[in-house]
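Q: one predicted model, sequence on top.
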Amino acid sequence: MTDWALAVVTQFSEAIIAGLPTTLALAVVLTILCALFPGASGKPWWRTSDMITDICWWFATPLFTRYLSLLLLITGTVWFSMIRGQDATDTSPSLGVSLLAGMPFWLSVIVYIVLIDIMMYVTHRAFHTMTLWHYHAVHHSTEELHWMSARRFHPMDDLIHIVLPDVVLILLGMPIEIIAFVAPFQVWHSALIHSDLNWDFGFLKTVIVSPIYHRWHHTGIDQGGSKNFSATFPILDLMFGTYYMPKGERPERFGIEDPTFPKDFAGQLLHPFRNRA
């Protein structure tokens with residue numbers, strides 16, 4: 001085995017080990033919840049046909065995120081340094097500017113959650129255009145939606161939709177500690193809204209994204225496939241006319257209706273580049 005291949009295997013193994021506690025906790029909690037409150041399919045997540053593919057994405061995506069974040073941070077820091085006429089090697093508390101620095105902790109948390117949701121709403125809608133859909137189709141390709149589908153993101157999708165908003169806010173002065181504090185909530189909420197649960201959060205359904213709300217987004221284009229882009233706050237969909245929650249109905253059919261779309265991890269990773277034409 002070459003040194004490069006060995007390094008990849010080592011990094012992937014480390015990512016699996018680091019993610020095991022969270023994965024096991026999610027598996028236990030969401031398995032119990034889905035057993036107590038079965039959704040449309042009623043099938044356990046470990047019996048889905050794409051389980052191996054989802055496991056690969058579940059542990060590979062954080063590894064992609066780690067290196068993509070580092071790449072963007074270095075690029076952004078150099079760019080900011082060139083604009084401001086500073087030495088790119090200068091290690092100051094703020095990588096870029098201090099626009100979002102110096103706020104009280106809880107105000108920083110609120111500002112971060114609001115800004116990240118707005119930015120992710122914009123990038124999410126962008127990935128539903130023909131130009132970027134090739135990459136986002138990977139996330140929508142699962143036909144048996146469950147909590148492990150939450151990390152089925154192509155690296156290009158991960159770069160623009162997940163990593164870029166965080167890096168932009170860091171470069172604007174948002175403390176990394178704030179992002180680290182909110183991250184566990186984002187992981188758990190993302191897994192929850194992809195779960196097979198018939199929860200719409202009742203009177204809070206227009207306040208925070210629920211499993212029913214997001215699962216409509218994974219249905220066909222004739223239903224909610226071009227709606228419900230918000231990651232956390234449905235108010236953004238309400239504001240921009242992309243809110244979709246038909247009363248008395250539940251999402252049941254998911255996927256992209258493309259029988260040629262690859263089912264395996266490697267095939268999905270390469271698919272956008274093979275189909276650019």
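A: On my side now, so go ahead.
Q: which residues in the stretch 1-150 of the chain form helices?
A: In the stretch 1-150 of the chain, the segments counted as helices under DSSP state H, counting those that start in this stretch are 3-36, 51-84, 105-126, 133-140.
Q: would you turn these into TSV with mean neighbour count?
A: C-beta here means a position set from N, CA and C on the backbone, and glycine is covered the same way. Shown next, in TSV, are those (neighbours: other C-beta atoms under 10 Å):
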stretch	mean neighbour count
helix 3-36	13
helix 51-84	17
helix 105-126	16
helix 133-140	21
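Q: between the ones you listed, which one is closest to Ser149.
A: helix 51-84 (6.0 Å; C-beta to C-beta).
Q: just for the chain, where's the confidence low?
A: Within the chain, the ranges that satisfy pLDDT under 70 run 1-16, 80-97, 275-277.
Q: circling back to that earlier point, Gly202: which of the helices of the stretch 1-150 of the chain is closest?
A: With C-beta to C-beta as the criterion, Gly202 lies closest to helix 3-36 of these, at 16.0 Å.
Q: doesn't Thr232 make contact with Ile113?
A: Yes. The criterion here is C-beta atoms under 8 Å, and Ile113 meets it with Thr232 at 6.7 Å.
Q: turn the helices of the stretch 1-150 of the chain into TSV, columns for distance to Met245.
A: Output for the helices of the stretch 1-150 of the chain, formatted as TSV (distance: least, C-beta to C-beta, whole Å):
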stretch	distance to Met245
helix 3-36	21
helix 51-84	26
helix 105-126	17
helix 133-140	19
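Q: looking at these, which is closest to Pro211?
A: helix 3-36 (9.7 Å).
Q: related to what we said a few turns ago, closest to His218 out of the helices of the stretch 1-150 of the chain?
A: Comparing the helices of the stretch 1-150 of the chain under C-beta to C-beta, the one sitting nearest is helix 133-140, at 6.1 Å.
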